[in-house]
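Chemist: Predicted model follows, preceded by the sequence.
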Amino acid sequence: MTSVVTSLPELKEIEDFLYLEASYLDRADLDNWLDLYTEDCTYWMPLDEDQDDPLNHASIMYENRDLMEIRKRNLKNQWAPSKHYKVRSTHIISNIRIQDRCEVSGDCTVTSQFLALMRYKTNHLFGGAYRHELKRVDDSYRIRYKRVTLVDCDAPLETIIMYL
């Protein structure tokens, strides 16, 4: 007989959470976006698809909560070069899969694929894979770790001023 544990996260709830994160990015609402992250969070965009160490190798982006707060403030500053052009984006997320979950805490690891079209001076198309480590907090989730692996991470890239 198989028993069902009702405290396990439902895929629909996780999908909605990831779509919420994407909608904040699409609106450049970095205040609410950053509220989705834990205090001990890490945001990582490796320079190589097989890279497993952000500390001893170069990365496109590797930030903790403090650095994310600084980037958020800089992007919102009226004198920032990023304000010379309005940043617009749209994110499409698919193939969302729960890879691992803890039945006791409700924490889980989720992978997905994404495409993001970003308009800053010209159009930029980014695609790749996400890996979110989600922490169950009360009746929702918070992002403890996000890895963004670009398909062309090892190719020359123009400046990425906004989170993907």
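Modeler: Nice, I can see it. Numbering: from 1, shown residues only.
Chemist: strands paired with the strand ranked longest in the chain, and their directions?
Modeler: Ranked by residue count under DSSP state E, the longest strand found in the chain is strand 122-137. Pairing partners of strand 122-137, with direction, according to DSSP bridges: strand 108-120 (antiparallel), strand 140-150 (antiparallel).
Chemist: Just the buried positions in the last one, please.
Modeler: Across strand 140-150, burial judged by 16 or more other CB atoms under 10 Å covers 141-150. For every residue, glycine as well, the C-beta is placed using N, CA and C.
Chemist: do the same with the first one
Modeler: Under the neighbour-count criterion of 16+ other CB under 10 Å, strand 108-120 has 108-112, 114, 116, 118, 120 buried.
Chemist: Save those as JSON lines, and put in pLDDT too.
Modeler: Below are these laid out as JSON lines (pLDDT from 0 to 100):
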{"residue": "Cys108", "pLDDT": "94"}
{"residue": "Thr109", "pLDDT": "95"}
{"residue": "Val110", "pLDDT": "96"}
{"residue": "Thr111", "pLDDT": "97"}
{"residue": "Ser112", "pLDDT": "98"}
{"residue": "Phe114", "pLDDT": "97"}
{"residue": "Ala116", "pLDDT": "94"}
{"residue": "Met118", "pLDDT": "86"}
{"residue": "Tyr120", "pLDDT": "74"}
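Chemist: got TSV for these, with distance to Ala155 too?
Modeler: Shown next, in TSV, are the buried residues of strand 108-120 (distance: CB to CB, whole Å):
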residue	distance to Ala155
Cys108	32
Thr109	27
Val110	26
Thr111	22
Ser112	22
Phe114	17
Ala116	16
Met118	16
Tyr120	18
